[in-house]
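[1] Would you be able to build a 3D model of this:
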Amino acid sequence: MNPRARFVGQFPLSAATIVLTGTVLAGLSLTTRPSDAQVTREAATAGSGVCVGDNGGITLSPRFCATVFADKLGHARHLAVAPNGVVYVNTWSGRYYHDDTPPPGGFLIALQDTKGDGRADKIARFSPTKAEGNAGGTGVAIYNGYVYAETNDRVVRYQLPSNGIEPTRVAETVVSGLPLTGDHPMHPFAIDTQGNLYVDLGSATNSCQSQNRMPNVSGNNPCTELETRAGTWRYDANRLDQHFSPAERFVTGLRNGEGISFDSAGRILATQHGRDQLGQNWPKLYTLRQNANLPAEELVVLTQGSDFGWPECYYDDVQKKLVLAPEYGGDGGKAVGVCAQKKAPVAAFPAHWAPNDMLIYEGGQFPSAYKDGAFIAFHGSWNRAPEPQGGYNVVFQPMADSKPSGPFVVFADGFAGAIKQPGQAVHRPTGLAVGPDGALYIADDQGGRIWHVTFQGGNKATGIAAAAPTPPTSPAATSGNPLPPEGIHPNAGANPLPIPPGASPDQVELGQRIFEGQADGGTCAGCHGTDGKGTGMGSNLTNDKWLWGNGSVRAITRTIARGVPKPKEHTGVMPPMGGRPALASRSGGGGCLCVGDWPSEGALKPAMALLWRGAAVPFVVRHLALSGLAPIYENFLHLSI
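    Next comes the predicted model:
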């Protein structure tokens, strides 16, 4: 072995009937989400449209069924299917996943279903291991008898085996030297029928500021980052030993275009992750509610030389136009400036949903209404507080001639489970592929699961309908979901936290709500996770590892005051005083911050996160030093003077 886009500006439809071919699917019913353990070996009775089992814990559009093709594979990213039906998936490791321990073996995985029951019964890992210096990657594709895969700073290829499923020959390097720094070090790619290899190189920063993600900091002008990042590069998939350089740039101004696919006419479409933190970094121009809904996620058409506007512009799908970003003289969404010359998207989706992959469906199994339409895997948001987090689903956008032909629908939902938060979602969609039989595969990088989705309705003239809605997640605050007046609080029955001298139970309860983004503009859970165990954006607050200082009160105070502009192990920066926008005018940048990693004491959890208000920091630090209670808190505290 080898060592719901709407049309731009429209609202999405959920659990609604959509007529595209003259056939109406009505009567969608609310279904509950069964246990993920209830997985059966067959998706449905052929042609009945009735699924057997629970579809691997997700809900799907009517007449579609799913099985769990494979599970617990590691951080599965993108996937591709060979002509013989063998599925190849790339997995990733490193700082995006807390440098956790991946499953043993290589990061590339070959999987095959030899029994026709929708489940892989042959699984083989290949490629170098973590011990050999590999961290895996995102991109993977099948082309001309090879499986191509991203690994570290390069794209390599393995010749597909004539027997078995695992390549046996040594990998060949197609292109190397791809950038690995900054916020978006992944390299998704796609290969067209002519052998053009299109590689996404996401931006190193959020908005090309001289101090990344810091409040009220202007953008670099010119943004020299664009020379080597924030665009799509083109290489020749048939040539070996190519080297990255600015010369191969195909399009620019694409902040993070992770999903790339081709329609039947050969047009290249891609997704774009919109920028973050308009409200947090520019509180005089945007409220946090505006931030939750700006900017839109995008679907764009790539043509050589196109400029999609980042970092100078972002897409406002209410106004249906690109507008000037505040880092470049924008006034909160009115000014257009140079954005009038940039290329707008063909479709827009809710802000911060994070489109991690996109697939133009050219298979023959699904109804004809799906032909040339776009499936998009939304990884899920972290930056929508005080609104509920969104995404964590797969949508379908009907298309014709590379333009939307109807509003998008949520095709598959329920991946996250009870809590739509990066740190606590059960699954997060990341990859899409179609098999030679037209079946759809969906990958997840949280639980390492792959779903195999088939159409069981029989009638290929069936139209497009949304998936049945999943039960409300928590916290849930959307106006469309009937909820009790007091809301949903999963931890309501938990034992109360100890109250330090000088504080009140109301302050402790408010602190937790702020941390979770339910009050006062707090965004801590977005980076550190609602459980405090960290995400790719922010550190784990529940262990004994100190990233900054020695754990003393003086060191904590210094970290709070200065912020963390250059994280050591994560992608999210912390502005001075946490950048709480509501307090910037009062304390010159005072705010919400998350400080943890308290030493363990007995059997109690060692974590604590504190949310400070401006000048209250000296009081809080002094209070903790005197009380000696800091080590025993396992939740969140809010204090002010």
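
[2] Tell me how the protein divides into domains.
    55-60+185-455, 505-639 (automatic domain parsing).

[3] okay, those in TSV with mean pLDDT next?
    Formatted as TSV, the domains of the chain follow (pLDDT from 0 to 100):
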stretch	mean pLDDT
domain 55-60+185-455	96
domain 505-639	52
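
[4] Just say which of the ones you listed is most tucked in.
    Each of the domains of the chain was scored by mean neighbour count; the highest is domain 55-60+185-455, a mean of 22, by mean count of other Cβ atoms under 10 Å. The way it works is simple: take the backbone N, C-alpha and C, and place the C-beta from them, glycine included.

[5] quick check, distance from that domain to the centre of its chain.
    Here the centre of domain 55-60+185-455 is set off from its chain's centre by 10 Å, with Cα atoms, centre = their mean, to the nearest Å.

[6] Start the count at 27 instead of 1 going forward.
    Let's use 27 as the start, then, which means that last one is domain 81-86+211-481.

[7] Quick one: end-to-end distance for that domain.
    12 Å (Cα to Cα, to the nearest Å).

[8] circling back: I'd like the domains of the chain laid out as TSV, including distance to residue 148.
    Below are the domains of the chain laid out as TSV (distance: least, Cβ to Cβ, whole Å):
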stretch	distance to residue 148
domain 81-86+211-481	14
domain 531-665	31
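
[9] Between those domains, which one is closest to residue 125.
    Closest approach to residue 125 among the domains of the chain is made by domain 531-665 (6.9 Å; Cβ to Cβ).

[10] Any stretches of the stretch 27-176 of the chain with poor pLDDT?
    27-75 (pLDDT under 70).

[11] Straight-line length of stretch 350-359, end to end?
    This stretch, stretch 350-359, spans 7 Å end to end (Cα to Cα).

[12] Repeat that for stretch 453-471.
    Start-to-end span of stretch 453-471 (Cα to Cα) is 7 Å.

[13] The chain: helices as residue ranges?
    Taking DSSP state H as the test, the helices found in the chain are 304-307, 314-318, 531-541, 550-554, 579-588, 610-613, 643-653.

[14] outside of the first one, which residues touch it?
    Contacts to helix 304-307, defined as Cβ atoms under 8 Å, 6 or more residues apart in numbering, come from residues 239-243, 311-318, 320-321, 340, 352, 547, 549, 601, 605, 607.

[15] repeat for stretch 262-272
    Contacts of stretch 262-272 (Cβ under 8 Å, 6+ apart): 169-170, 174, 183, 198-205, 217, 221-223, 253-254, 259, 261.

[16] Let's see that with 6 Å instead.
    Identification of contacts with stretch 262-272 by Cβ atoms under 6 Å, 6 or more residues apart in numbering yields 169, 198, 199, 201, 203, 204, 217, 221, 223, 253, 254, 261.

[17] Show me what the third one is bridged to.
    It refers to residue 199. Beta-bridge partners for residue 199, by DSSP bridges, are residue 182.

[18] Count the residues that sit near it.
    14 (other Cβ atoms under 10 Å).

[19] Next: the fourth one.
    The number of residues packed around residue 201, counting by other Cβ under 10 Å, is 25.
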